[in-house]
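*Asks:* fold the following.
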Amino acid sequence: MQTPDLTDHAAAYQALLARDARFDGCLFVGVTSTGIYCRPICRVRTPMSKNCRFFRTHAQAEAARFRPCLKCRPEIAPGVLHAHFESHLPWTVMDASRTLARQAAHLLDAQAASGDTPRLHQVAAKLGVSDRHLRRIFQTEHGVSPVQYLQTRRLLLAKQLLTDTSLPVTQVASASGFRSLRRFNAAFAENYRMSPSRLRGDLEKEAAKQASTAPYGLQISLSYRAPCDALRLMKFFAQRAIPGVEVVDGLRIRRSVRAGAVDGGAKQSAAWIAAEFVPEKGRVLLSYSSEWASASAAVATAARRWLDLDAAPHAVHDVLADLPGELGLRLPGSIDGFELAVRAVLGQQVTVAGARTLASRFVQRFGEPVLTPWPDIHRAFPSPESLAAVPVERIAELGIIRARAAAILALAKAWPELRPLTASPQTPDALIAHLVALPGIGPWTASYIAMRTLSWPDIFLPNDVALLKAMKQLFNTANQREADALAQRWQPWRSYAVMHLWNSLEKSVLPNSSKEST
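*Replies:* Numbering: from 1, shown residues only. Now for the predicted structure:
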């Protein structure tokens, strides 16, 4: 899938007429007769071509003085592809400046979502360029300055919270990254030509309806590009759900989240999160603890990665057409990188069911009680800080091989250094290198952790027994070398190829076993 060339007005208008979900989040249309901008899937009457202006980002549309549509809600549109990853896509030809500008946008997003005040000089230093150069290439690529980009991001989050929740305006301002209510009101009025309270008043009936479906906590909406095989995704999570921590009911998943797992520190207490797919609307209803209101941006970002809501299913399917499986497969991510890493170690050389049993014992011994709205979710996964001081014997007592117990302790102690490597945007190389340097963690475990923690779409797991069996059945490959060579055709979506291959085996082999030695 390729976004239409916005310099070709006729081609962009045809994309709008098609209302094709493939362009959702990659294309926005501003209507000069109304002053409003929409997603290409918006179901309002199609405007005349002469009244349309096309933009690649929300920020460009808002810099041109267009307001977001109240019906299609551009603020909940799926995101664009990972900045580091985009430069590897076969349909994308980008020079170094364009790549840097997109990486800068993702770094600013990550800083804002974590609750930190984004600072351009820090982003410039990380990318190895000067502040001035970064501002110039950012303006060229995005059509707005970094300040305008961040302002749009904050305003759209505020609009989402005003629409979906009953949070007081003061809390909405703080959760959106504004340092004062006065600045928030001024920015909202300047950009949207109305006050926050007026927007909420205009949406009062809709907000009341939304509140009635969320009797506890906060609830926001997130969109994704259809189609989405949500049932397959939920099945994956259900097979691995730890009792007391995670429960899957149909298209809904509920779970606890340890303190600091989402916001990257210890600012927030242990809490809960729930996500429910609503296929007829192409949305996910995301519920989470009210205590996490100030971390709403981080929660939404983490949930999008967890459920792979920014996937481009048609682009993936076009490359993996020779693999069995339906259009819309998602790559399961994780809401807590440390939890995923520990569970990957527990899953070495055992079945999925065996790994789940070990994880259940582990949580019962070392997890912490947590209050949630549901009696079947009552424990949070242990934190790296609490595990770092645990004697290896206490872990081994649970039936966990001592070498794996030692690997878990090494992970816990190294997590302060590993944690930044699991934050987006990152390529997997540094994380994998740091992980394999730890005792008891080999290439398969490190690659699996990177694939799911970073939601990186182009990892082909080495020495995976299930993958090799599937490759032999489908393509008659004889060994890992032949499998690796054949998998090159599935770049840049080899992680999705892994999921298709695992699924092709169904019940014959469970995809958690590897030849890796601890």
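*Asks:* how about the top strand by length along the chain: buried residues?
*Replies:* When every strand of the chain is counted residue by residue (DSSP state E), the longest turns out to be strand 271-278. Neighbour counts over strand 271-278 (16 or more other CB atoms under 10 Å) mark Ala271, Trp272, Ile273, Ala274, Ala275, Glu276, Phe277 as buried. Bear in mind the C-beta positions are built from the backbone N, C-alpha and C, glycine included.
*Asks:* helix or strand right after that strand?
*Replies:* Going down the chain from strand 271-278, the next helix or strand is strand 283-288, by DSSP states H and E.
*Asks:* that next one pairs with which strands, parallel or anti?
*Replies:* Each strand that strand 283-288 pairs with, and the sense of that pairing, follows from DSSP bridges: strand 218-223 (antiparallel), strand 271-278 (antiparallel).
*Asks:* what's the first helix or strand after that strand?
*Replies:* Helices and strands here follow DSSP H and E; after strand 283-288, the next one along the chain is helix 296-306.
*Asks:* quick one: average pLDDT of the very next helix or strand once past that next one?
*Replies:* Proceeding C-terminally, helix 296-306 gives way to helix 313-319 as the next helix or strand, assigned by DSSP H and E. Confidence over helix 313-319, taken as the mean pLDDT, stands at 94.
*Asks:* could you shift the numbering so residue one becomes 700, and keep it that way?
*Replies:* I'll keep to 700 as the first residue from here, and by that count the last item is helix 1012-1018.
*Asks:* mind listing what's buried in helix 1012-1018?
*Replies:* Buried residues in helix 1012-1018 (16+ other CB under 10 Å): Pro1012, His1013, Ala1014, Val1015, His1016, Val1018.
*Asks:* follow-up on the earlier one: reformat the strands paired with strand 982-987 as a markdown table; add distance to Ala710 and mean pLDDT.
*Replies:* A markdown table is the format used below for those (distance: least, CB to CB, whole Å; pLDDT from 0 to 100):
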| stretch | distance to Ala710 | mean pLDDT |
| --- | --- | --- |
| strand 917-922 | 24 | 96 |
| strand 970-977 | 32 | 97 |
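*Asks:* next, format those as JSON lines and append distance to Leu1130.
*Replies:* What follows is these, written out as JSON lines (distance: least, CB to CB, whole Å):
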{"stretch": "strand 917-922", "distance to Leu1130": "25"}
{"stretch": "strand 970-977", "distance to Leu1130": "23"}
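*Asks:* pLDDT wise, what is the residue nearest the centre of the chain at?
*Replies:* A centroid search over the chain (CA atoms, centre = their mean) returns Arg1004, at 1.5 Å, as the residue closest to the centre. pLDDT, the model's per-residue confidence, is 94 for Arg1004.
*Asks:* before we move on, back to that, the longest strand of the chain to helix 995-1005, inter-axis angle?
*Replies:* Note on geometry: by axes from the mean of the first three to the mean of the last three CA atoms, to 10 degrees, strand 970-977 and helix 995-1005 are set 60 degrees apart in direction.
*Asks:* got the contact list for strand 970-977?
*Replies:* With CB atoms under 8 Å, 6 or more residues apart in numbering as the contact definition, strand 970-977 has outside contacts at 916, 927, 929, 933, 950-956, 982-988, 990-991, 998, 1002, 1005-1006, 1034, 1069, 1071-1073, 1076.
*Asks:* relative to Gln759, which of the buried residues of helix 1012-1018 is nearest.
*Replies:* Each of those was checked against Gln759 using CB to CB; the closest is Ala1014, at 22.5 Å.
*Asks:* what's the distance between that closest one and Ala1020?
*Replies:* Between Ala1014 and Ala1020 the distance, using CB to CB, to the nearest Å, works out to 12 Å.
*Asks:* Val828 contacts Leu799, doesn't it?
*Replies:* Yes - using CB atoms under 8 Å as the test, Val828 is close enough to Leu799 to be in contact (6.4 Å).
*Asks:* got any residues that touch both of the two?
*Replies:* With CB under 8 Å, 6+ apart as the test, Val828 and Leu799 both reach Ile836.
*Asks:* neighbour-wise, which of the two wins?
*Replies:* Counted by other CB atoms under 10 Å, Val828 and Leu799 do not tie: Leu799 has more neighbours, with 22 against 18.
*Asks:* what is the end-to-end distance of stretch 837-856?
*Replies:* Terminal residues of stretch 837-856 are spaced 22 Å apart (CA to CA, to the nearest Å).
*Asks:* quick check: buried residues in that stretch?
*Replies:* Applying a neighbour-count criterion of 16+ other CB under 10 Å, one finds 837, 840-843, 845, 847-856 buried in stretch 837-856.
*Asks:* with stretch 715-722 instead?
*Replies:* Neighbour counts using 16+ other CB under 10 Å place Leu715, Asp719, Ala720, Arg721, Phe722 of stretch 715-722 among the buried residues.
*Asks:* one step back: off-centre distance for the longest strand of the chain?
*Replies:* Offset of strand 970-977 from its chain centre (CA atoms, centre = their mean, to the nearest Å): 14 Å.
*Asks:* alpha carbons of it, as PDB, please.
*Replies:* Once non-C-alpha atoms are left out, strand 970-977 reads as follows in PDB (Å, rounded to 0.1, in the frame of the first residue of the first chain):
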ATOM      1  CA  ALA A 970      -3.400  -0.700  38.100                       C
ATOM      2  CA  TRP A 971      -5.400  -2.400  35.400                       C
ATOM      3  CA  ILE A 972      -6.300  -2.100  31.700                       C
ATOM      4  CA  ALA A 973      -8.900  -3.600  29.400                       C
ATOM      5  CA  ALA A 974      -9.400  -3.600  25.700                       C
ATOM      6  CA  GLU A 975     -12.400  -4.700  23.600                       C
ATOM      7  CA  PHE A 976     -12.500  -4.900  19.900                       C
ATOM      8  CA  VAL A 977     -15.600  -3.500  18.200                       C
END
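*Asks:* the nearest residue to Glu1038 once chain neighbours are set aside: neighbour count?
*Replies:* Nearest residue to Glu1038, sequence neighbours excluded (CB to CB, 6 or more residues apart in numbering): Phe1080, at 4.4 Å. If you count neighbours by other CB under 10 Å, Phe1080 ends up with 29.
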